[in-house]
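In: give the three-dimensional model of this entry:
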Amino acid sequence: MDEASLTGLTGSGLGGKTSGLLSGMTAGSMIAALFFSLVGFVYLKQGKANADVTKMVCGLALLLYTFFVSGTFYTVLIGAALTAAPFISDRF
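Out: Numbers count the residues shown, from 1 in each chain. Here you go, the predicted model:
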């Protein structure tokens, strides 16, 4: 294999930016993404069963936001906010 094809496999061919499958995700952000995706799946199922739009929207957001956010801090911060949103909306 030549160097150009190896660069394409590692994902660092765009000026040092990662463009591979993991997109620069760390182990912590992957674990947080898995946890919040599971919570999102539960919210989506409960929202559909109870016809609760807030839980359905938060569940769908929890399932999808990790595709657009990188970094453990932001993954946990946004996930915690989306997880708490249905409880906060019920209070007010």
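
In: and the strands in this protein, which stretches?
Out: Read by DSSP state E, the chain holds no strands at all.

In: low-scoring stretches of it, by residue?
Out: Counting by pLDDT under 70, the low-confidence segments of the chain come to 1-23.

In: 90 - rerun?
Out: Along the chain, the model assigns pLDDT under 90 to residues 1-29, 66-67, 69-71, 90-92.

In: now the helices: where do they sit in it?
Out: Under the criterion DSSP state H, helices of the chain are mapped to 3-10, 27-50, 53-64, 72-91.

In: deepest in the core, which of those is it.
Out: helix 53-64 (a mean of 19; mean count of other C-beta atoms under 10 Å). Yep, even glycine has a C-beta here, placed from its N, CA and C like the rest.

In: please list the outside residues in contact with stretch 45-63.
Out: With C-beta atoms under 8 Å, 6 or more residues apart in numbering as the test, stretch 45-63 has contacts from 36-37, 39-44, 79, 82-83, 85-86, 89-90.

In: need the CA coordinates for it. CSV is fine.
Out: What follows is stretch 45-63 as a C-alpha-only set of coordinates in CSV (Å, rounded to 0.1, in the frame of the first residue of the first chain):
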residue,chain,number,x,y,z
LYS,A,45,-40.8,4.3,23.9
GLN,A,46,-42.4,5.9,27.0
GLY,A,47,-43.4,8.9,25.0
LYS,A,48,-45.1,6.9,22.3
ALA,A,49,-46.9,4.7,24.9
ASN,A,50,-48.2,7.6,26.9
ALA,A,51,-48.6,10.1,24.0
ASP,A,52,-46.2,12.5,25.7
VAL,A,53,-44.7,14.7,23.0
THR,A,54,-42.0,16.2,25.3
LYS,A,55,-40.6,12.7,26.1
MET,A,56,-40.7,11.7,22.4
VAL,A,57,-38.9,14.8,21.3
CYS,A,58,-36.2,14.5,24.0
GLY,A,59,-35.8,10.8,23.3
LEU,A,60,-35.3,11.5,19.6
ALA,A,61,-32.9,14.3,20.4
LEU,A,62,-30.9,12.1,22.8
LEU,A,63,-30.6,9.5,20.1
